[in-house]
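Undergrad: Any chance you can model this:
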Amino acid sequence: MNISQQIDAFKQHFGAAPTFVARAPGRVNLIGEHTDYNDGFVLPMAIDRDVTLVGTPRSDAQVRIHSLNFNQTTEFSLADIQKAGPEWSHYGRGVALALQKAGYHLTGFDAVMYGNVPIASGLSSSAATELATIMAFSASADENEKLKIENAEKNSAFSILNSKFSLVEAAKLAQQAENQFVGVNCGIMDQFISALGAVGHALMIDCRSLGYELVPMPQGATILVVDTTAPRTLAGSAYNQRRAECEAGAILFNKASLRDVTMTEFKALQPKLPTIVMHRCAHVIMENQRVLDAVAAMKVGDLEQLGILMSQSHESLRDLYEVSSKELDAVVDIARAEVGVYGARMTGAGFGGCAIVLVANEHAAAVAAKIADEYPHHTGRTPNIYPCVASAGAGFGKLSE
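TA: A predicted model of the protein is given here:
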């Protein structure tokens, strides 16, 4: 669906023309898995799939959002925000409450929302929804109101937030909404990259300091995102178990987190560690270094080295952290056997979800076709494959009449 179709849908639903457009992208994590809650490094990129709202401000405190994906409408008052209505609406309600608690004065709006970020596939449709809604509130704010997120500079069809503080604040408030209102204890990465993504760049994030650096994507390669379509039934309990094992490891090293453990310290204590804890620690410590090495490789356009690091990451997640699955392994194994593939790995928490493949542009279509053909024979499932490029972060703009 394009913007024109979404505008037509708004006219049909609300009987008027929308005056603003707001959007925020989904994401994939190139490398740096299960490092975030260990105060480590991650390297996500915003993808060219997003959640978009077209709308117009209201003169009262009511918010009405119609979802084209679900064919449902939610309505709530900014004076009394409750966790009610359809589940998809909780993200918008949550960010509204978080913004108000932070001291921002909000204006109600009517909007039609549509997203082409696949839901429940590990590409952060929730973070995209949160940031897009924050952009809609920003676009709706009266010029005289003191909503600190300001419309600053043009980027393509959208006005992108220029203030780094405001973008970081938006990401933090979106995370707060998901943690405290929606009830999902996510880290900051998804909201951070959705807010701060840039065309042609990934974003290296220090999950301890929240420092970040835009890193140019090397030319000549495509990222294939392969949704295994496998349910992540063990992800919740296994995730909590891995966190506990990492915390136990940090205690044994007498460190605040595994981020602080050097390879020298790890090797010295390795023989004394319980086997499972040793494996978890080994993955996190080496994965943090892989992120730093990946950044260095990307800065000089070294696709070969980036691919090697991605493949090493998958092997570590499979063998040491034990969060892969037969479906994820199948995608990686099929891809790595093909001409033009630099590397492949699972991405996200694991036990299903997506894998990513770094492949030379001229071979991307053939590799995607090979995966689509072979994967069902290994798993009995049909994959969804999305070629993606690094795209802009959240933004908003006016619609011409």
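Undergrad: buried sites along stretch 61-73?
TA: Within stretch 61-73, the residues that qualify as buried are 63-68, 73, counting by 16 or more other Cβ atoms under 10 Å. C-betas here are computed from N, CA, C, even on glycine.
Undergrad: Looking at those residues, spot the one nearest residue 128.
TA: Nearest to residue 128 out of the buried residues of stretch 61-73 is residue 67 (Cβ to Cβ; 13.1 Å).
Undergrad: Do you know the pLDDT at the closest one?
TA: Each residue has a pLDDT score; the one for residue 67 is 97.
Undergrad: is it in a bridge, and if so with what?
TA: residue 72, residue 113 (DSSP bridges).
Undergrad: contacting residues around it?
TA: Taking Cβ atoms under 8 Å, 6 or more residues apart in numbering, we find residue 67 in contact with 73-74, 86, 88-89, 113-114.
Undergrad: Among those, name the buried ones.
TA: The buried subset of the contacts of residue 67 (16+ other Cβ under 10 Å) comprises 73-74, 88-89, 113-114.
Undergrad: Need the residues you listed in CSV (columns: distance to residue 282 and pLDDT).
TA: Formatted as CSV, the buried ones among the contacts of residue 67 follow (distance: Cβ to Cβ, whole Å; pLDDT from 0 to 100):
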residue, distance to residue 282, pLDDT
73, 50, 97
74, 46, 97
88, 39, 96
89, 42, 96
113, 43, 98
114, 43, 97
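Undergrad: Tabulate these (CSV), appending distance to residue 271.
TA: Shown next, in CSV, are those (distance: Cβ to Cβ, whole Å):
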residue, distance to residue 271
73, 61
74, 57
88, 50
89, 53
113, 55
114, 56
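Undergrad: of all these, which comes closest to residue 120?
TA: For those, the nearest to residue 120 is residue 88 (11.3 Å; Cβ to Cβ).
Undergrad: Output the below-cut-off pLDDT ranges for the protein.
TA: 142-165, 233-236, 401 (pLDDT under 70).
Undergrad: what sits against residue 47?
TA: 25-28, 117, 123, 223, 225, 386, 388-391.
Undergrad: Mind checking which of those are in strands?
TA: Applying DSSP state E to the contacts of residue 47, the entries found in strands are 25-28, 223, 225, 386, 388.
Undergrad: out of the contacts of residue 47, which one sits closest to residue 263?
TA: Residue 263 lies nearest to residue 28 out of the contacts of residue 47, by Cβ to Cβ, at 27.5 Å.
Undergrad: Tell me how many other residues crowd the closest one.
TA: For residue 28, the neighbour count with other Cβ atoms under 10 Å is 24.
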